[in-house]
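J.: have a look at this prediction, sequence included:
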Amino acid sequence: QVQLVESGGGLVQTGDSLRLSCTASGRTNSAYVMGWFRQAPGKEREFVAAITRSGGRTDIADSVKGRFTISRDNAKNTVYLQMNSLKPEDTAVYYCAASIWSQLRRTSYDYWGQGTQVTVAS
């Protein structure tokens with residue numbers, strides 16, 4: 001089992017930056033690809049970004065490309081989502097997820113965090 005805990009959410013203004021963190025515990029060696037997802041009120045959960053275990057490859061959703069970056073520090077068992085130039089439409093609960101598979105993916109994650117709220121005021 002892998003436990004994931006997100007942090008770093010909050011209320012910001014349009015154009016601000018925010019960095020989310022997700023720390024893994026438990027059988028972290030089984031967590032290869034790490035991803036971030038978000039779910040806005042009344043909408044389905046959507047993929048945001050993913051990163052391989054080595055950090056050498058990333059995948060970013062078109063809706064946030066150029067504004068968001070994903071990175072990880074395996075020594076700290078932590079993955080980050082740096083969010084710049086935030087917009088009101090980025091308001092959502094952001095979830096961290098871990099996959100036991102090594103290939104980048106946008107679906108089929110095995111472990112999920114509880115989520116952290118990000119609210120961008122206009």
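T.: Here it is on my side, so go on. Only a predicted model underlies this, so the values are computations on that prediction, with no experimental measurement involved.
J.: only alpha carbons, please: show stretch 68-79 as CSV.
T.: The C-alpha trace of stretch 68-79 is given here as CSV (Å, rounded to 0.1, in the frame of the first residue of the first chain):
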residue,chain,number,x,y,z
PHE,A,68,2.2,24.1,-14.7
THR,A,69,5.2,21.9,-14.2
ILE,A,70,5.6,18.6,-12.3
SER,A,71,8.7,17.5,-10.6
ARG,A,72,9.7,15.0,-7.9
ASP,A,73,12.3,14.4,-5.2
ASN,A,74,12.6,10.7,-4.7
ALA,A,75,14.8,11.2,-1.7
LYS,A,76,11.9,12.9,0.0
ASN,A,77,9.2,10.7,-1.6
THR,A,78,7.6,13.9,-2.8
VAL,A,79,6.1,15.1,-6.0
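J.: tell me which residues in that stretch are buried?
T.: Neighbour-count burial for stretch 68-79 flags Phe68, Thr69, Ile70, Arg72, Asn77, Thr78, Val79 (criterion: 16 or more other Cβ atoms under 10 Å). Yep, even glycine has a C-beta here, placed from its N, CA and C like the rest.
J.: before we move on, what about stretch 47-61?
T.: Buried, per 16+ other Cβ under 10 Å, within stretch 47-61: Phe47, Val48, Ala49, Ala50, Ile51, Thr52, Asp59, Ile60, Ala61.
J.: for stretch 77-89, same thing?
T.: Asn77, Thr78, Val79, Tyr80, Leu81, Met83, Leu86.
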